[in-house]
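Trainee: 3D, please:
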Amino acid sequence: MTAPVVLVLASGRGERFIASGGTGSKLQALLGGKTVLQWTLDAVRASGLPCHVEDAGHEGMGDSIAAAVRATADASGWLVLPGDLPLVRPDTLRTVAAGLARHAVVVPQYQGRRGHPVGFSTECREALMELSGERGAAHVVRAQAALQRMAAIELEDPGIVADIDTVDDLAEARRRVPD
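Mentor: I've put the predicted structure just below:
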């Protein structure tokens, strides 16, 4: 079986970032000499997993996920990874992908906090393609949890919960990476 595809979501408008005093796209903000998005993409590349970047400017996360799954509909599964998680580790991506061999949904956690990437098996294809609007795939996760086909896995990767939503988040990430 082929590896699941990492869907890097890069369509958001970054309204919280701008509201917090940021200028321009948070994904293009510099962090240790690279953009936030480049850090995320480098982690995916280092994981060895296939990747699809969804950056078509969709209205909401649901629209972005649906478009990305439709574009990769023949994949063996998907890892949904927002582009603003520059500190996620490549081994985390591989661990979530491996979990899809046993579970329909894999949700990584760090110290009890849910993070990304969330993994989805092909059992979830239709539900993911039907997503729309601002709402992401939380209801797909809940449905699989109710069927006992969801696994939450605790990982030692603070990068899964370190998204860049505000200028303060960016400042914290800058403290964690070398210049």
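
Trainee: List the contacts of the helix-or-strand element of the chain with minimal mean pLDDT.
Mentor: Lowest by mean pLDDT, DSSP states H and E among the helices and strands of the chain is helix 15-19, with a mean of 83. With contact meaning Cβ atoms under 8 Å, 6 or more residues apart in numbering, helix 15-19 is reached by 26, 29, 164-167, 170. Quick note: C-beta positions are derived from backbone N, CA and C, even for glycine.

Trainee: in it, what's buried?
Mentor: 16-17 (16 or more other Cβ atoms under 10 Å).

Trainee: mind checking how far the helix or strand that it is followed by is from the chain centre?
Mentor: Next along the chain after helix 15-19, taking DSSP states H and E as the criterion, comes strand 30-31. On the basis of Cα atoms, centre = their mean, to the nearest Å, strand 30-31 sits 19 Å off its chain's mean C-alpha point.

Trainee: Let's test this: mean pLDDT of strand 30-31, rounded?
Mentor: Strand 30-31 comes out with an average pLDDT of 92.

Trainee: Give the pairing partners of the helix or strand following it; include direction for each.
Mentor: Once strand 30-31 ends, the next helix or strand along the chain (criterion: DSSP H and E) is strand 34-35. In the sheet, strand 34-35 lines up against strand 30-31 (antiparallel) (DSSP bridges).

Trainee: In contact with residue 60, which residues are there?
Mentor: 132-135.

Trainee: Swap in 10 Å and give it another go.
Mentor: 11-13, 66, 131-136 (Cβ atoms under 10 Å, 6 or more residues apart in numbering).

Trainee: Residue 23 now?
Mentor: Counting by Cβ under 10 Å, 6+ apart, residue 23 has contacts 17, 29, 167.

Trainee: got those residues as a markdown table, with distance to residue 89 columns?
Mentor: Output for these, formatted as a markdown table (distance: Cβ to Cβ, whole Å):
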| residue | distance to residue 89 |
| --- | --- |
| 17 | 23 |
| 29 | 20 |
| 167 | 24 |
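
Trainee: Ignoring the adjacent residues along the chain, who's closest to the residue nearest the centre of the chain?
Mentor: Nearest residue to the geometric centre of the chain (Cα atoms, centre = their mean): residue 81, 1.2 Å. Distances taken as Cβ to Cβ, 6 or more residues apart in numbering place residue 117 nearest to residue 81, at 3.9 Å, with adjacent residues excluded.
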